[in-house]
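# sharing a model that was predicted from the sequence below.
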Amino acid sequence: MRGSLWQLGQSITRRLAQAEKKAVARQYYSSESELKKTVLYDFHVAHGGKMVPFAGWSMPIQYKDSIMDSTVNCRENGSLFDVSHMCGLSLKGKDSVSFLEKLVIADVAGLAPGTGTLTVFTNEKGGAIDDSVITKVKDDYIYLVVNAGCRDKDLAHIEEHMKAFKAKGGDVSWHIHDERSLLALQGPLAAPTLQYLTKEDLSKLYFGEFRILDINGANCFLTRTGYTGEDGFEISVPSEHALDLAKAILEKSEGKVRLTGLGARDSLRLEAGLCLYGNDMEQHTTPVEAGLTWAIGKRRRAEGGFLGADVILKQLAEGPSIRRVGFISSGPPARSHSEIQNEQGANIGEVTSGGFSPCLKKNIAMGYVKSGSHKAGTKVKILVRGKGYDGVVTKMPFVPTKYYKPT
């Protein structure tokens with residue numbers, strides 16, 4: 001088991017580093033002192049956080065417990081993540097919906113106020129610039145969060161298109177929420193713990209829904225979403241209230257909700273079959289290839305109107321040449337860039353993320369294979385350090401999701 005734990009830690013560290021290197025607009029820092037720090041930095045260190053560079057920030061990869069234990073605790077009890085390195089922004093104006101629909105694949109106009117969805121920013125070739133959770137707060141107000149490693153290129157992309165849109169008379173403006181911090185509370189104790197800190201009835205807030213409300217005395221943006229496959233919330237809180245909120249959450253859970261780092265966050269999202277941008281999705285990957293066809297709104301499939309729509313709509317009609325799939329494998333855990341072969345020994349694809357699952361106690365991975373080799377149950381060989389090991393294409397998520405939805 002010690003070997004498995006060591007492999008898990010090494011695998012996650014490599015995977016996060018890989019995504020870090022691939023983020024196109026990432027700024028490289030030469031020393032620890034130049035890394036950005038969230039307002040909870042000292043809190044992390046005081047609680048035994050092992051701080052590592054990530055997307056230009058000093059972030060905790062784990063605390064005193066192991067990544068294995070931390071992952072399992074999230075699914076059994078709960079986890080509190082500091083994700084303040086991510087970038088929240090708001091779009092406002094009567095044309096904010098039509099503006100955003102030029103850049104993403106979602107049917108933003110079709111969202112009811114106070115609801116949101118996962119979407120993808122695309123380029124002219126249909127490739128993914130970034131994935132993002134967007135919320136239509138009101139018809140003239142959108143809130144969204146983009147990945148830390150993609151912040152610079154995302155903001156430049158949005159700004160470039162916003163200038164052109166406004167030059168033609170479009171009414172849209174934006175605000176980048178650098179004055180706020182972002183916490184993610186995940187797991188079965190997330191809702192009962194947070195309920196102690198707000199008068200709002202959280203049982204009436206379902207997966208994908210959004211509210212602006214008072215939590216622990218602070219005006220927060222609350223979204224019932226997350227990156228673990230568990231029920232939970234992302235809480236945008238004014239930075240001056242972030243520390244008090246984090247302390248209150250841990251206290252109200254009586255120690256069952258634990259501070260959790262990037263290591264467990266990565267293993268949790270892999271178990272949930274969710275993409276890590278920079279590994280499982282890049283600028284040359286389309287949403288169709290990435291298995292995110294469901295995120296392309298029905299109206300958008302009919303009308304297009306977003307960057308790269310011609311490429312994406314053609315793939316919808318004819319099928320993509322490659323597809324993202326999951327695997328369970330034997331031997332050592334598969335790594336990013338591990339070659340995937342069919343039973344005849346021909347190359348059919350490549351692993352993009354892989355590791356040992358703390359919850360399933362087996363090797364899991366995701367990657368891209370040629371269409372025709374993507375069906376669940378297809379037997380493959382995955383090469384690790386030059387040696388082939390048995391694997392099988394497996395439906396994702398590997399661990400069933402527990403999103404809170406109306407019954």
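Nice, I can see it.
# tell me which residue lies farthest from the centre of this protein.
Most distant from the centre of the chain: Q344, at 35.3 Å, with distances by CA atoms, centre = their mean.
# show the backbone phi and psi for it.
Backbone geometry at Q344, expressed as degrees, to the nearest 10, gives phi -90, psi 0.
# now swap in V39 and tell me
With angles defined as degrees, to the nearest 10, V39 sits at phi -70, psi -10.
# and the strands in the stretch 301-407 of the chain?
322-329, 339-341, 347-357, 362-370, 379-384, 387-394 (DSSP state E, counting those that start in this stretch).
# K405 is nearest to which of those?
Counting by CB to CB, K405 lies closest to strand 322-329 out of those; the figure is 22.5 Å. To be clear about C-beta, it is placed using only N, CA and C from the backbone, and glycine gets the same treatment.
# how about the secondary structure of the residue nearest to P406 when sequence neighbours are not counted?
Spatial nearest neighbour of P406, chain neighbours left out: Y206 (5.8 Å); criterion: CB to CB, 6 or more residues apart in numbering. What DSSP: H, G, I helix; E, B strand; the rest coil gives for Y206 is coil.
# look up phi and psi at Y206.
Per degrees, to the nearest 10, the backbone of Y206 is at phi -100, psi 170.
# quick check: it touching R224?
Yes. Here Y206 reaches R224: they are 6.3 Å apart, a contact under CB atoms under 8 Å.
# who's more crowded, these two?
Legend: neighbour count by other CB atoms under 10 Å for Y206 and R224, higher for R224 (22 against 13).
# where does pLDDT dip in this structure?
1-32 (pLDDT under 70).
# hmm, 80 instead?
For the chain, the stretches with pLDDT under 80 are 1-33.
# who touches A112 in this structure?
If you count contacts by CB atoms under 8 Å, 6 or more residues apart in numbering, A112 has them with K136.
# let's go with 10 Å and repeat that
By CB atoms under 10 Å, 6 or more residues apart in numbering, A112 lies in contact with 136, 209.
# for S336, see how far away it is.
Counting by CB to CB, to the nearest Å, the gap from A112 to S336 is 38 Å.
# what segments of the stretch 151-300 of the chain are helices?
Under the criterion DSSP state H, counting those that start in this stretch, the stretch 151-300 of the chain contains helices at 151-167, 190-195, 239-252, 262-271, 298-303.
# tell me the most buried of the ones you listed?
Comparing these on average neighbours per residue, with mean count of other CB atoms under 10 Å, the densest one is helix 262-271 at a mean of 27.
# just the CA trace of it, in CSV.
This file holds the C-alpha atoms of helix 262-271, laid out as CSV (Å, rounded to 0.1, in the frame of the first residue of the first chain):
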residue,chain,number,x,y,z
LEU,A,262,-4.8,20.0,-5.2
GLY,A,263,-3.7,16.4,-5.0
ALA,A,264,-7.0,15.0,-3.8
ARG,A,265,-8.9,17.4,-6.0
ASP,A,266,-7.2,15.9,-9.0
SER,A,267,-7.9,12.3,-8.0
LEU,A,268,-11.5,13.2,-7.2
ARG,A,269,-12.1,14.8,-10.6
LEU,A,270,-10.4,11.9,-12.4
GLU,A,271,-12.7,9.4,-10.5
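# end-to-end on stretch 138-153?
26 Å (CA to CA, to the nearest Å).
# what's the answer for stretch 361-375, then?
Span of stretch 361-375 from end to end, CA to CA: 23 Å.
# which of the residues in that stretch are buried?
363-370, 373-374 (16 or more other CB atoms under 10 Å).
# so who does the nearest residue to I328 once chain neighbours are set aside touch?
What sits nearest to I328 in space, not counting adjacent residues and going by CB to CB, 6+ apart, is T394, at 4.9 Å. By CB under 10 Å, 6+ apart, the contact list for T394 reads 273, 325-329, 364-366, 376-378.
# swap the cut-off to 8 Å and go again
325-328, 364, 376.
# so which of those comes closest to Y141?
G326 (36.8 Å).
# may I have the distance across stretch 316-325, first residue to last?
End-to-end distance for stretch 316-325: 17 Å, by CA to CA.
# name the residues that touch that stretch?
With CB under 8 Å, 6+ apart as the criterion, stretch 316-325 contacts 275, 280, 286, 288-291, 293, 296, 301, 349, 352, 366-371, 374, 393-394, 396.
# assumed V120 was part of a strand.
Yes. Assessed with three-state DSSP, V120 lies in a strand.
# could you tell me how many residues sit around it?
Neighbours of V120 (other CB under 10 Å): 28.
# can you name the residues that contact it?
Applying CB under 8 Å, 6+ apart, the residues near V120 are 104-105, 128-132, 281, 287, 290, 292, 295.
# and it, bridged to which residues?
Judged by DSSP bridges, the bridge partners of V120 are D131.
# same check, this time on K50
Taking DSSP bridges as the rule, K50 bridges to Q62.
# I figured it hits S58, correct?
No. Between K50 and S58 there is no contact under CB under 8 Å: 10.6 Å.
# the two: who's more crowded?
Per other CB under 10 Å, whichever of K50 and S58 has more neighbours is S58, with 21 against 16.
# hang on, the earlier thing: quick check: neighbours shared by Y206 and R224?
When contacts are counted by CB under 8 Å, 6+ apart, Y206 and R224 have Y404 as shared neighbours.
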